[in-house]
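Undergrad: Sharing a sequence plus its predicted fold:
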Amino acid sequence: MVATSSSAVDLSLMDEVFAAYGGQRGALIPILQKAQSIYGYLPPEVVQLVARKLGIAAGKVYGVATFYAQFYLERRGRHVLRVCDGTACHVKGTPDLLSAVGERFGIGPDQTTADSELTLEIVYCLGSCALAPVAVLDGRVMGRLRKEMLMRTLQKDVAPVPEEA
């Protein structure tokens with residue numbers, strides 16, 4: 001939604017969130033969800049602010065944020081590629097997919113390209129074993145992938161893939 005600059009986090013963007021939830025008990029998760037929709041992740045300054053406003057320890061906020069997979073404590077790319085490495089996907093080619101992405105974009109699992117265009121994540125089951133190997137790019141499921149297919153999709157949907165030397 002609202003991007004932040006690379007150096008400072010505009011905490012005033014949280015004013016509406018706190019106004020909406022007032023002093024509601026049990027509002028930590030919805031507040032974190034709103035914060036993440038504003039910033040794209042949960043910057044440390046926001047975690048500290050949430051703790052202060054709710055009168056709870058920052059450790060508790062971090063505990064909740066790290067327990068639930070929906071929350072991210074680091075900035076993510078504009079595009080997110082989730083590649084399944086469950087048993088069926090692994091056997092049918094996930095290592096080749098990960099190698100191809102790594103070679104072309106210079107990132108590994110849980111990393112984001114320097115230009116913040118692409119974040120690569122490994123997941124261990126997408127529930128689509130019959131389509132193995134499977135990946136999800138920005139919410140779109142791609143099955144029976146081969147590295148050439150994946151690279152073409154990334155070329156078209158994410159950013160120009162650098163030419164091989």
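TA: Ah, there it is.

Undergrad: For Cys125, what is the enclosing helix or strand?
TA: Using DSSP states H and E, Cys125 sits within no helix or strand.

Undergrad: ok, residues contacting the host helix or strand of Ala88?
TA: Ala88 belongs to helix 87-91 when assigned by DSSP H and E. By CB atoms under 8 Å, 6 or more residues apart in numbering, the residues outside helix 87-91 that reach it are Val83, Leu126, Cys129, Ala132, Pro133, Val134. The way it works is simple: take the backbone N, C-alpha and C, and place the C-beta from them, glycine included.

Undergrad: Now do stretch 58-78: distance to the chain's middle.
TA: Averaging C-alpha positions (CA atoms, centre = their mean, to the nearest Å) puts stretch 58-78 10 Å from its chain's average.

Undergrad: just to revisit the earlier point, give the buried residues for the helix holding Ala88.
TA: Ala88, Cys89 (16 or more other CB atoms under 10 Å).

Undergrad: can you map out the strands along the protein?
TA: 79-84, 111-112, 118-123, 135-137, 140-142 (DSSP state E).

Undergrad: Pipe these into JSON lines and attach mean pLDDT and mean neighbour count per row.
TA: Formatted as JSON lines, the strands of the chain follow (pLDDT from 0 to 100; neighbours: other CB atoms under 10 Å):
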{"stretch": "strand 79-84", "mean pLDDT": "96", "mean neighbour count": "21"}
{"stretch": "strand 111-112", "mean pLDDT": "94", "mean neighbour count": "18"}
{"stretch": "strand 118-123", "mean pLDDT": "96", "mean neighbour count": "20"}
{"stretch": "strand 135-137", "mean pLDDT": "97", "mean neighbour count": "21"}
{"stretch": "strand 140-142", "mean pLDDT": "96", "mean neighbour count": "13"}
